[in-house]
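> Turn this into a structure:
(one chain, ligands or ions: 1)
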Amino acid sequence: MTERLLTVSADRLEDVKRNYFEITERIAKAAADSKRTADDITFLAATKTVEPEIINYAVSLGLRYIGENKVQELLSKYEYYDLEHCDLQFIGHLQTNKVRQIVGKVSMIQSVDSLKLANEISKQSVKNGITTDVLIEVNIGREENKSGVMPEMLDELIAQTASLDNIRVKGLMTVPPICEKKVDICKFFDKMYHLFIDISDKTLDNVDMDFLSMGMSDDY
Ligand SMILES: *Cc1c(COP(=O)(O)O)cnc(C)c1O
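Take a look at the predicted model:
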């Protein structure tokens, strides 16, 4: 990890600290309310647009998972992340021609929505002698111009992806439509949960439904 000299205001760090512990507490409470433990929940901070110094500060507080959504930004920040203490994932839309730039640098790609993309991740992982974990992204709101596989194509994409070398399917991801009402967004979460359970029940080879990654901060 390379150190940079950048002055971060004390106020900003105070904000990060307050937010970090507030979220940690809410997770613990939500886990208790649903009779689970906080360990069942992975707290990943979407760190796009955030400077590495701030990210590393959150890591020093205990944050263990960070996610970037743009290849260029990830690469420009890469040498500064404290990757001895946190795990870097890719959460944004990924173009096939950029896959080789991030395979080996990220522990998970959350946004696989086509066989073409899965094929390239497999190919680059074989080349690097590693296995890459992926989530399959679902377009649960069937929105045009949005990433993600349509729900009815999900089983097929999972089966195809799981059959490739050096790639492991670890769950599902979605960014649901923006809804004004909480009940509306809950419908999408509910649909995703059912897809997730259905696939888990099938116990497919090379598929572990460990993660269901849904929504943004406001949804939460
Ligand atoms: C940015 C982002 C999030 C988190 O959104 P915030 O509301 O900024 O916390 C979640 N998922 C994806 C794919 C993102 O790019």
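> For stretch 74-82, measure first residue to last.
Criterion Cα to Cα, to the nearest Å; first-to-last residue distance in stretch 74-82 is 13 Å.
> contact partners of stretch 43-55?
4, 6, 8, 12-13, 16, 23-24, 27, 58, 63-70, 73, 77, 80-82, 86, 89, 91-92, 213, 216-217 (Cβ atoms under 8 Å, 6 or more residues apart in numbering). All C-beta atoms are positioned from the backbone trio N, CA, C, and that covers glycine.
> let's see it at 6 Å
Residues outside stretch 43-55 that contact it (Cβ atoms under 6 Å, 6 or more residues apart in numbering) are 6, 8, 16, 27, 63, 65-69, 77, 80-81.
> near the ligand too, which of the residues you listed?
Applying Cβ under 6 Å from any ligand atom to these, one finds that Asn69 fall near the ligand.
> What is the burial count for the nearest residue to Lys70 once chain neighbours are set aside?
Nearest residue to Lys70 in three dimensions, chain neighbours excluded: Gly92, at 5.7 Å (Cβ to Cβ, 6 or more residues apart in numbering). Per other Cβ atoms under 10 Å, the neighbour tally for Gly92 reads 19.
> was I right about Gly92 contacting Asn69?
Yes. Gly92 is within contact range of Asn69, at 2.7 Å (criterion: Cβ atoms under 6 Å).
> ok, which residues in the chain are in contact with the ligand?
So far as Cβ under 6 Å from any ligand atom goes, the chain lies against the ligand at Ala46, Lys48, Asn69, Ile91, Gly92, Val175, Met216, Ser217, Asp218.
> Which strand or helix spans Gln124?
Using DSSP states H and E, Gln124 maps to helix 115-128.
> what does Ala45 give?
In the assignment (DSSP H and E), Ala45 maps to strand 44-46.
> and the next element down the chain from that strand?
helix 52-61.
> related to what we said a few turns ago, would you format the residues of the chain next to the ligand as TSV with pLDDT included?
Shown next, in TSV, are these (pLDDT from 0 to 100):
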residue	pLDDT
Ala46	96
Lys48	96
Asn69	97
Ile91	97
Gly92	97
Val175	95
Met216	78
Ser217	76
Asp218	75
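> Pull the most distant pair out of those.
Taking Cβ to Cβ as the measure, the residues of the chain next to the ligand span a maximum distance of 17.7 Å, between Gly92 and Asp218.
> Which residues belonging to stretch 175-193 are considered buried?
Neighbour counts over stretch 175-193 (16 or more other Cβ atoms under 10 Å) mark Val175, Pro176, Ile185, Phe188, Phe189, Lys191, Met192 as buried.
> All set now, cheers.
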